[in-house]
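Engineer: I need the structure of the sequence given here:
(chains A, B, C and D)
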2 protein chains.
Amino acid sequence: MTSEALGKCLGTNPVVVRRTMGLLREAGLVTSDRGHAGGWRIAVDLSTVTLRQLHEALGEPAVFALGNRNERPQCLVEQSVNAALDGAFADAEALLLERFAQITLATLATDFARRHADWRAQKG
Amino acid sequence: MTSEALGKCLGTNPVVVRRTMGLLREAGLVTSDRGHAGGWRIAVDLSTVTLRQLHEALGEPAVFALGNRNERPQCLVEQSVNAALDGAFADAEALLLERFAQITLATLATDFARRHADWRAQKG
DNA sequence: TCGACTCGTAACATATGAAGTTACATGAAA
DNA sequence: TTTCATGTAACTTCATATGTTACGAGTCGA
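Structural biologist: So this is what the prediction gives:
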């Protein structure tokens, strides 16, 4: 599939697609080919890829929106707040990533297939 | 304490302080007075206020940074992804808020007092 | 009553970062 | 050699949180 086609599917720009897919390529999840008949291709079995791996491949973006937090603040109050929050955030993040590790792309594909069948039945 | 003094402590602007403190006032956690000797005052015992309550008072801002998610997307793939993520996010958020509910401002004040004592000892 | 002080709030400005866009070099296949 | 595709740098746009200015309104003391 080309970046342009993917961009249309995702409602975005081919260059944005290349930026993101490039990260997945670095992680070995997809391959890309230039020129005629080029584009992106899945490189692994869907059942072996978890959302956890995607999160890693995409650079482990911050999970939480809360806390514009300075690490190592001078302010003692800020230090107390950080200390109190650190454990809670760490545990919640661990739980979330553990859940992500249980969800494979094959899981999603199966769910999609069911929705697709339902959609066709309802439509037709 | 005036908005201006709080702003200096927090490294921000008096109006920004008023905006945020106003939400805490609506929740009954602080009071404000105008005029001479006016400013902000804590309205409740620190041991009765949890971080959970602060989160509520501040409008329950989104906990997670992940997911520019449409609710009710047309796209069936997006629907599958949402369905898979919803449970994980809900559980992680519940865990985090539960932890927040265990932390009172008195907890933070005690921790701060210890840090302050250590700091004075080290300084002197 | 006057003046200093403070919050309340609207309106506007700035800064930050994500996303989008343009441009062009590189490589592959018909 | 033409066409199609990615790779990537540079730039622009957009969204939004934050900061700022301005001024109205209430409060207190002299």
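Engineer: how close does the residue of chain A positioned farthest from its centre get to residue B:118?
Structural biologist: Residue farthest from the centre of chain A, counting by C-alpha atoms, centre = their mean, is residue A:76 at 36.2 Å. Going from residue A:76 to residue B:118 by C-beta to C-beta, to the nearest Å gives 9 Å. (Each C-beta comes from the backbone N, C-alpha and C, glycine too.)
Engineer: Quick one: classify residue A:122 as helix, strand or coil.
Structural biologist: Judged by DSSP: H, G, I helix; E, B strand; the rest coil, the three-state class of residue A:122 is helix.
Engineer: Can you tell me what sits against the helix or strand containing residue A:40?
Structural biologist: Residue A:40 belongs to strand A:39-42 when assigned by DSSP states H and E. For strand A:39-42, the surrounding residues in contact (C-beta atoms under 8 Å, 6 or more residues apart in numbering or on different chains) are A:1-3, A:5-6, A:21, A:29-33.
Engineer: For that strand, which strands pair with it and how are they oriented?
Structural biologist: Here strand A:39-42 has these sheet partners by DSSP bridges: strand A:30-33 (antiparallel).
Engineer: can you pull the buried residues of the partner strand?
Structural biologist: Neighbour-count burial for strand A:30-33, counted by 16 or more other C-beta atoms under 10 Å in any protein chain shown, picks out A:30, A:32.
Engineer: Run the chain-centre distance for that strand.
Structural biologist: 18 Å (C-alpha atoms, centre = their mean, to the nearest Å).
Engineer: now swap in stretch A:86-106 and tell me
Structural biologist: Between the centre of stretch A:86-106 and the centre of its chain there are 13 Å (C-alpha atoms, centre = their mean).
Engineer: got it, and stretch A:58-74?
Structural biologist: In terms of C-alpha atoms, centre = their mean, the gap separating the centre of stretch A:58-74 from the centre of its chain is 18 Å.
Engineer: just stretch A:8-26 next, same as before
Structural biologist: Centroid separation for stretch A:8-26 versus its chain: 12 Å, with C-alpha atoms, centre = their mean.
Engineer: ok, is it in contact with DNA strand D or not?
Structural biologist: Yes: applying C-beta under 7 Å from any atom of the strand, one finds stretch A:8-26 touching DNA strand D at A:14-15, A:18-19, A:21-22, A:25.
Engineer: Helix B:76-102 and the longest helix seen in chain A, what's the angle between them?
Structural biologist: Across chain A, the longest stretch assigned as helix under DSSP state H is helix A:76-102. If you take axes from the mean of the first three to the mean of the last three C-alpha atoms, to 10 degrees, helix A:76-102 sits at 140 degrees to helix B:76-102.
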